[in-house]
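**Q** predicted structure and sequence below. I'll ask about it afterward.
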Amino acid sequence: MRLFSGQLDLGQTMTEAELRKQERMIARKYVERFPLEVPVWGLGNLLIWLSLWPLVFLDILPLWIAFPIACINVMACFLPAHEAVHGMIARPGQKLRWLNEMVGHLSLLPMAMPYRIQKLTHLEHHKHVNHPQNDPDITTRSKGPWDAIWQSFVQRQRGKGGVLRGYGYILEKIGRSDVLVDGALYQLSFFAALFGLAWNGYAIEAALLWWAPRHIGIAYIQFFFSWAPHHPAVKQGRYTNAKFFKSRVGNIASMGMQYHLIHHLHPFIPLTDTPRAFRELRPILEARGCRFEGDLR
Amino acid sequence: MPALEFVVKKILHLMPILFGFLFFGPLFAQTMDRLGWQEPLGLSPLALGLVVGGTWGICAFFRGSWIWARP
């Protein structure tokens, strides 16, 4: 209903150019802030995850407490790197660009995911959202929430190309297959660390601090970051390739993805500002015919 | 890039088998130890872990999947 009234209000009173101008003016207000929370979150999360290892090895922290913390660490490591992908801390040529890139590289370590691969493929996702051949994240398309979780595990099996499935194809397509070396080195290092720990008597610790949290975390990230905001992942229009939705687990637990379309429209708005930007942009978004599921405020 | 090709084609290609023996093997053994299973089936925990983990890894290598669903 609000969508319809919004369409009436703005759609009838403002021209296309005016709508675009108004949208840009609002978005610009959120772009210039320095997102201090991104390096604090990215590096702090990494430090917490790293600290779990000596705490568990020295019997200071029980493994059954460290395991869920490690899972949260992996789940939380992706978003700071994602902010860095979009140059949120500093754009190319700016003074703090080194910090931006450092956060990108380091925060992804618990996930054992190379930043350069993440960066290049994610930017392709932005260029080709929901495109059956060119969107590297289209592999998360599935029938419903349970199928999405199941497919996350099925799709990362070796026969489907593993965790980096589909990314090699996209990187070759854009002429950047050179960064696949990062993927090979990360995988080798990850497996070598697991093997080394296992044969030194720490197999259970390695499994519950890294191997299992990584699998759980990847499923969680793919579910909330990729599947939930794009489902059914068919429409490719600027205002329809993602949706606004009310998550049952709240905004924080759903990685702030209730407002994911704001990010696609204006990738330079920091994640933590997208709810406020959404509330301010809402009449324009309604006039544009965006999808709203649930009572999102 | 010959070194990378070697790594990807040989080592990563064989990773399911390596993972089964080198990670799941000791993981199962240490889990059995923690659970107090001494000499299960008359074998040492590590021997049984290597049999179970290695078999699973070989199956995963040929099937292309660690789980029963085939991709």
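**A** Nice, thanks for sending it over.
**Q** longest single helix anywhere in the chain?
**A** Here I'm looking at chain A. Longest among the helix segments of chain A by residue count, using DSSP state H, is helix A:63-85.
**Q** right idea, wrong chain: chain B
**A** In chain B, assigned by DSSP H, the helix with the most residues is helix B:45-63.
**Q** packing partners of that one?
**A** With contacts defined as 3 or more Cβ pairs under 8 Å, 6 or more residues apart in numbering or on different chains; DSSP states H and E, helix B:45-63 has these neighbours: helix B:15-19, helix B:25-34. Using the backbone N, CA and C atoms, a C-beta is placed for each residue, glycine as well.
**Q** so residue B:24 makes contact with residue B:52?
**A** Yes - counting by Cβ atoms under 8 Å, residue B:24 does reach residue B:52; the two are 7.2 Å apart.
**Q** name the residue in those two with the higher neighbour count.
**A** In this comparison of residue B:24 against residue B:52, neighbours counted by other Cβ atoms under 10 Å in any protein chain shown, the higher total goes to residue B:24 at 25 against 17.
**Q** skip the chain neighbours and tell me the closest residue to that one.
**A** Excluding the flanking residues, the one nearest residue B:24 by Cβ to Cβ, 6 or more residues apart in numbering or on different chains is residue B:53, at 3.0 Å.
**Q** near that neighbour, how many other residues are there?
**A** By other Cβ under 10 Å, 24 other residues sit near residue B:53.
**Q** and the closest residue to chain B within chain A, how far is that from residue B:62?
**A** At 2.7 Å from chain B, residue A:159 is the closest residue in chain A, using Cβ to the nearest Cβ. Distance from residue A:159 to residue B:62, counting by Cβ to Cβ, to the nearest Å: 10 Å.
**Q** more neighbours: which of these two?
**A** Between residue A:159 and residue B:62, residue A:159 has the larger neighbour count (other Cβ under 10 Å), namely 14 against 10.
**Q** next, residue A:297: secondary structure please.
**A** Counting by DSSP: H, G, I helix; E, B strand; the rest coil, the backbone at residue A:297 sits in coil.
**Q** what's near enough to touch it?
**A** Contact analysis of residue A:297 by Cβ atoms under 8 Å, 6 or more residues apart in numbering or on different chains lists residue A:279.
**Q** equivalent analysis for residue A:60, please.
**A** residue A:54.
**Q** so what does the nearest residue to residue A:245 once chain neighbours are set aside have for phi and psi?
**A** In space, not counting the residues next to it along the chain, residue A:245 is nearest to residue A:293; the distance is 4.1 Å by Cβ to Cβ, 6+ apart. As for residue A:293, its main-chain torsions (degrees, to the nearest 10) stand at phi -120, psi 120.
**Q** the helix or strand following the longest helix of chain A - what's its average pLDDT?
**A** With elements assigned by DSSP states H and E, the helix or strand that comes after helix A:63-85 is helix A:97-107. Taken as a whole, helix A:97-107 has an average pLDDT of 98.
**Q** any idea of the angle helix A:97-107 forms with helix A:63-85?
**A** 150 degrees (axes from the mean of the first three to the mean of the last three Cα atoms, to 10 degrees).
**Q** buried sites along helix A:97-107?
**A** Judged by neighbour count using 16 or more other Cβ atoms under 10 Å in any protein chain shown, the buried positions of helix A:97-107 are A:99-107.
**Q** now the residues you listed as a markdown table including distance to residue B:17?
**A** Putting those into a markdown table (distance: Cβ to Cβ, whole Å) gives the following:
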| residue | distance to residue B:17 |
| --- | --- |
| A:99 | 41 |
| A:100 | 40 |
| A:101 | 36 |
| A:102 | 36 |
| A:103 | 36 |
| A:104 | 33 |
| A:105 | 31 |
| A:106 | 32 |
| A:107 | 32 |
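**Q** wait, which of these is closest to residue A:138?
**A** Of all the buried residues of helix A:97-107, the one sitting nearest residue A:138 is residue A:104; the distance, using Cβ to Cβ, is 23.4 Å.
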